[in-house]
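Novice: need the 3D shape of this:
(chains A, B, C and D)
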There are 2 protein chains.
Amino acid sequence: MLTKSSTELVRQRNSVLVLSVLRRHGALAHTEISDFTGLSSATISAITTELEKAQIIEKSEHQPASGRGRPRVLLRQRRDCGYLIVVIISSDAVQYSLVDYAGKLIDRFSEERSHDPTGAARFVAAVRAGLLRILDRSKISQEKVLLISISSKGLVNSTEPVLVWSPIFGSDQIDFESALRPEWQAKVILDNETLLVAAALGAREEMVEGADFRSLAALSLGHSVGLGIVRRGNQTGQEISAPNFGHMLHMANGGLCRCGTRGCIEAYAGFYAILRSAFEVPLDTIPAKFVPVAELDKIAAKARQGHRVPAFAFRQAGLALGNGLSRMLSLTERMPIAITGPGTRYYDLLRQGIEEGLGQSHIVRMEGMPEIRVVADEQILVFEGHLNRALSVIDQDIVLSGVQGIQASG
Amino acid sequence: MLTKSSTELVRQRNSVLVLSVLRRHGALAHTEISDFTGLSSATISAITTELEKAQIIEKSEHQPASGRGRPRVLLRQRRDCGYLIVVIISSDAVQYSLVDYAGKLIDRFSEERSHDPTGAARFVAAVRAGLLRILDRSKISQEKVLLISISSKGLVNSTEPVLVWSPIFGSDQIDFESALRPEWQAKVILDNETLLVAAALGAREEMVEGADFRSLAALSLGHSVGLGIVRRGNQTGQEISAPNFGHMLHMANGGLCRCGTRGCIEAYAGFYAILRSAFEVPLDTIPAKFVPVAELDKIAAKARQGHRVPAFAFRQAGLALGNGLSRMLSLTERMPIAITGPGTRYYDLLRQGIEEGLGQSHIVRMEGMPEIRVVADEQILVFEGHLNRALSVIDQDIVLSGVQGIQASG
DNA sequence: GATTTTTTTCTCGACAGTCGAGAAATTTAG
DNA sequence: CTAAATTTCTCGACTGTCGAGAAAAAAATC
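Specialist: Residues are numbered from 1 along each chain as shown, chains lettered A, B, ... in the order given. Next comes the predicted model:
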């Protein structure tokens, strides 16, 4: 449904635009903002003085002028305008990071997490404690924390911060909104981890000059299998989604998956599945909870030495991934695929299967193989994705509420 | 990438909004437009007088006043403001419809089409002739045709009116843009047929009061298998896509499909596939080009009498569809599924397989069966989809170019 | 038939926002 | 010390929306 526009909306939009340009390029002068946004100098003046009054941006100290003419006055976000807490939940630990409004990391620590699958309630309690701890360590007042951005593997509700299904807790839903609301007035958002990787890669692509980025899929290989898709929207920045790829049906009545269903992609391509297949354990065996990477490294070594059974295990994993990716491509459009996660160390063994699996579908035969690239540093990408996403959410919120509120009271 | 806003943009948006409300609800009075759009009466005055000057809308003759007070002046689109030609390409015919700007059908005829697969060039020539014929019959000047909206089964380029793959011509691409540009200055758009069905169903859902429509998938069953997905966007109306569903991989190294690949969904659920399976012909047999529906009716009758082999054929088809739908749901979100097309007459035979196929995936086991409804009148929905889509494109174009142009010259 | 009531449309001034041009500020070059 | 260069700031013009109230026009009432 279309909705009406107004002149106030124009100002809001352009304010967000100014903030996003500032975020992307760091401290900028009046003129540069004008160049990047396409807005006139007069408009930039109006918007920046408003944002400055609202204590959202500040003039930086005029550094030694380079070149003649009136020296530039750089504008930047006020670091202390607000803070962000990033919570990255991985299979064996939870990492807490405190970040200021300019995107600078202030404090960080990790906490081990137990592998107790019944401990959803206890886990939530641990997260609450962790959040309070990082706040306490920093001596920042709680109201200054504007956003808590959480990521996890698994399936996430698209509108609310509810973890619908996760590798550890299964279908024991975790509602972070209601869990944190008592203690925090900060907004809470939750995203799938691989979605953030995709978002970060997409943002990097858009930075490249000249390249007209359209879409991209990130595939994360590890104990579980995740996929994130990012598409350039027609007007509203990027559009991202995190499908339930690891548990998409690979083969009806196939191997038993951790989730209890048979035939999921993960039941062929997850670390435990490769292990199971390499040891020729029946496919309906209940999968191992956790597989040390060293164990898998041994199998990979054997496969590289030419042993058939472990090589076949990796090949089967690749096939499942390739078939799944081909199905994804049938439903979307041709797009490059970036593979990340600890599983990339076995890419040499997986590759043939992936390509064969992709090649079995009409779309790939017709349009050709999608570009596949291997991207290391998944952890960095996850954090980068958090920052991109969370800080732009904060910008939006600040403009929507903050400016008017402060303007009205000031 | 975000882009700057301006006050002119506000007027454009609101003009389009007024036109779309007028389109949705028919002729409306000043006050009603104000109610529907949320814009103030003064703004409505400004916009409507502008549109009236530009000869896009007109005041209708003041009909007998109903109730006291100053009688209402109804506003409506000027029928002769511009025209639309709808071209519906189906497997055995091409239907041409001439529609005025108010959405009223003026003329329509169908032309048989040959099944010559090598005749891509000849087919294009036939379409060009058909377009000239409907124009000639109507005595409307060619410049008044603002848009040619074409639909076909098969795979369509997402940005340009290029038919990338079709059941009849295979990978012989047809570029309607370059084919029609010499003779027509009208804009040309091309959409997948099932996408239009989904769009029409989505629009109907949005009309329903109170129901908060989120998303919907339309599955068209016939000689080929099509899927359209419509999702309510966050701001910009609806977002629709037409995946290459019929040729998504169902089973690696499975039955031979018309497209030459093995294991496509269509190779199990298309009419020819059901026939092949019912006659126990080997699955790698080259499929029949065209199957008379009467033939399939016979098989269905036998299946309903309890014969095992034909019943199994339908069940296999259902399984392929169910598995495919479950994969689609894994990649999107839970959404209702509307089944249309000639294949709906066999829904009683397909149903069990579809449900079983759906139930084999994690997502369905976790979130439950999606709602499935059978919708007849596919033809009507296709045309309705054309109208919805094409007329709103025209509205957009007119506001973008027309108003200013005419204003400037007037 | 004149007046009042009711309803709709039109108009006017206030307010918000953007833009272009030019003034003001401030540093370097000569 | 003056001129040139460059950036920032300010002002008036223009576009757009809104609320209030005037104007229009028909039905109801006296």
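
Novice: so how far is stretch A:106-123 off the chain centroid?
Specialist: Chain-centre distance of stretch A:106-123: 20 Å, with Cα atoms, centre = their mean, to the nearest Å.

Novice: just the buried residues of that stretch, please?
Specialist: For stretch A:106-123, the neighbour count (16 or more other Cβ atoms under 10 Å in any protein chain shown) marks A:113, A:119-120, A:123 as buried. The way it works is simple: take the backbone N, C-alpha and C, and place the C-beta from them, glycine included.

Novice: and it, how far apart are its ends?
Specialist: Stretch A:106-123 has an end-to-end distance of 25 Å (criterion: Cα to Cα, to the nearest Å).

Novice: what residues does that stretch touch?
Specialist: The contact list for stretch A:106-123 (Cβ atoms under 8 Å, 6 or more residues apart in numbering or on different chains) reads A:83, A:89, A:92-100, A:126, A:130, A:133-134, A:137-138, A:168-170, A:172, A:174, A:289-290.

Novice: try it again at 7 Å.
Specialist: The contact list for stretch A:106-123, computed with Cβ atoms under 7 Å, 6 or more residues apart in numbering or on different chains, reads A:92-100, A:126, A:130, A:134, A:137-138, A:168-170, A:172, A:174, A:289-290.

Novice: ok so, going back, so which of the buried residues of stretch A:106-123 sit within strands?
Specialist: Judged by DSSP state E, these include no members of strands.

Novice: of these, which is the nearest to DNA strand C?
Specialist: Nearest to DNA strand C among the buried residues of stretch A:106-123 is A:Phe123, at 44.7 Å by Cβ to the nearest atom of the strand.

Novice: follow-up on the earlier one: PyMOL command to pick out the buried ones of the contacts of stretch A:106-123?
Specialist: Buried members of these, defined by 16+ other Cβ under 10 Å, are picked up in PyMOL with:
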select buried, chain A and resi 94+95+96+97+98+99+100+126+130+134+138+168+169+170+172+174
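
Novice: nearest to B:Ser224 among the buried residues of stretch A:106-123?
Specialist: Nearest to B:Ser224 out of the buried residues of stretch A:106-123 is A:Ala120 (Cβ to Cβ; 46.1 Å).

Novice: show me which residues of the stretch 1-150 of chain A sit near DNA strand C.
Specialist: Contacts of the stretch 1-150 of chain A with DNA strand C, taken as Cβ under 7 Å from any atom of the strand, map to A:7-8, A:10-11, A:14, A:38-43, A:46-47, A:62, A:64-65, A:67-71.

Novice: just the ones of these in strands?
Specialist: Among these, no member falls in strands (DSSP E).

Novice: secondary structure class for A:Thr194?
Specialist: Assigned with DSSP: H, G, I helix; E, B strand; the rest coil, A:Thr194 falls in the helix class.

Novice: contacting residues around stretch A:8-17?
Specialist: For stretch A:8-17, contacts defined as Cβ under 7 Å, 6+ apart pick out A:37, A:39, A:43, A:47, A:51, A:395-396, A:399-400, A:403, B:2, B:4-7, B:10.

Novice: quick one: average confidence on it?
Specialist: The average pLDDT within stretch A:8-17 is 92.

Novice: ditto for stretch A:135-144
Specialist: 94.

Novice: mind listing what's buried along it?
Specialist: For stretch A:135-144, burial by neighbour count (16+ other Cβ under 10 Å) applies to A:135, A:138, A:140.

Novice: list the contacts of that stretch.
Specialist: Stretch A:135-144 is contacted by residues A:82-83, A:98, A:106-107, A:145, A:185 when judged by Cβ under 7 Å, 6+ apart.

Novice: how far out from the middle of the chain is stretch A:287-306?
Specialist: That offset, for stretch A:287-306, works out to 28 Å (Cα atoms, centre = their mean).

Novice: convert it to PDB, retaining C-alpha atoms only.
Specialist: Below are the C-alpha coordinates for stretch A:287-306, written out as PDB (Å, rounded to 0.1, in the frame of the first residue of the first chain):
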ATOM      1  CA  PRO A 287      24.300 -37.400  15.000                       C
ATOM      2  CA  ALA A 288      27.200 -36.400  17.300                       C
ATOM      3  CA  LYS A 289      26.400 -33.200  19.200                       C
ATOM      4  CA  PHE A 290      29.800 -31.600  18.600                       C
ATOM      5  CA  VAL A 291      32.700 -32.600  16.400                       C
ATOM      6  CA  PRO A 292      36.200 -31.300  17.200                       C
ATOM      7  CA  VAL A 293      37.700 -29.700  14.100                       C
ATOM      8  CA  ALA A 294      40.900 -31.800  14.600                       C
ATOM      9  CA  GLU A 295      38.800 -34.900  14.000                       C
ATOM     10  CA  LEU A 296      37.700 -33.600  10.700                       C
ATOM     11  CA  ASP A 297      41.200 -32.400   9.800                       C
ATOM     12  CA  LYS A 298      42.300 -36.000  10.100                       C
ATOM     13  CA  ILE A 299      39.600 -37.200   7.700                       C
ATOM     14  CA  ALA A 300      40.500 -34.500   5.300                       C
ATOM     15  CA  ALA A 301      44.100 -35.500   5.400                       C
ATOM     16  CA  LYS A 302      43.200 -39.100   4.500                       C
ATOM     17  CA  ALA A 303      41.000 -37.900   1.700                       C
ATOM     18  CA  ARG A 304      43.800 -35.800   0.300                       C
ATOM     19  CA  GLN A 305      46.100 -38.800   0.500                       C
ATOM     20  CA  GLY A 306      43.600 -40.600  -1.800                       C
END
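
Novice: what's it in contact with?
Specialist: For stretch A:287-306, contacts defined as Cβ under 7 Å, 6+ apart pick out A:115, A:223, A:256, A:258, A:271-276, A:278, A:310-311, A:313-314, A:342, A:346, A:349.

Novice: hmm, try it at 8 Å
Specialist: Contacts for stretch A:287-306 (Cβ under 8 Å, 6+ apart): A:91, A:115, A:223, A:256-258, A:267, A:270-276, A:278, A:310-311, A:313-314, A:342, A:345-346, A:348-349.

Novice: restricted to buried residues, select the residues you listed in PyMOL.
Specialist: Buried residues among the contacts of stretch A:287-306 (16+ other Cβ under 10 Å), as a PyMOL selection:
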select buried, chain A and resi 91+223+256+257+258+267+270+271+272+273+274+275+276+278+310+311+313+314+346+349
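
Novice: low pLDDT regions in the stretch 301-410 of chain A?
Specialist: By pLDDT under 70, the low-scoring segments of the stretch 301-410 of chain A are A:402-410.

Novice: any chance of the backbone angles for whichever residue of the stretch 51-200 of chain A sits closest to DNA strand C?
Specialist: Nearest to DNA strand C in the stretch 51-200 of chain A, going by Cβ to the nearest atom of the strand, is A:Arg68, at a distance of 2.9 Å. Torsion angles at A:Arg68 (phi, psi; degrees, to the nearest 10) stand at phi -90, psi -180.

Novice: do A:Lys59 as well
Specialist: Main-chain dihedrals, A:Lys59, degrees, to the nearest 10: phi -80, psi 130.

Novice: can you tell me what sits against the helix or strand encompassing A:Gln352?
Specialist: Per DSSP states H and E, A:Gln352 falls inside helix A:347-359. Helix A:347-359 is contacted from outside by A:221, A:300, A:303-304, A:311, A:314-326, A:329, A:339, A:343, A:364-365, A:369-370, A:372, A:374, B:252, using Cβ under 8 Å, 6+ apart.
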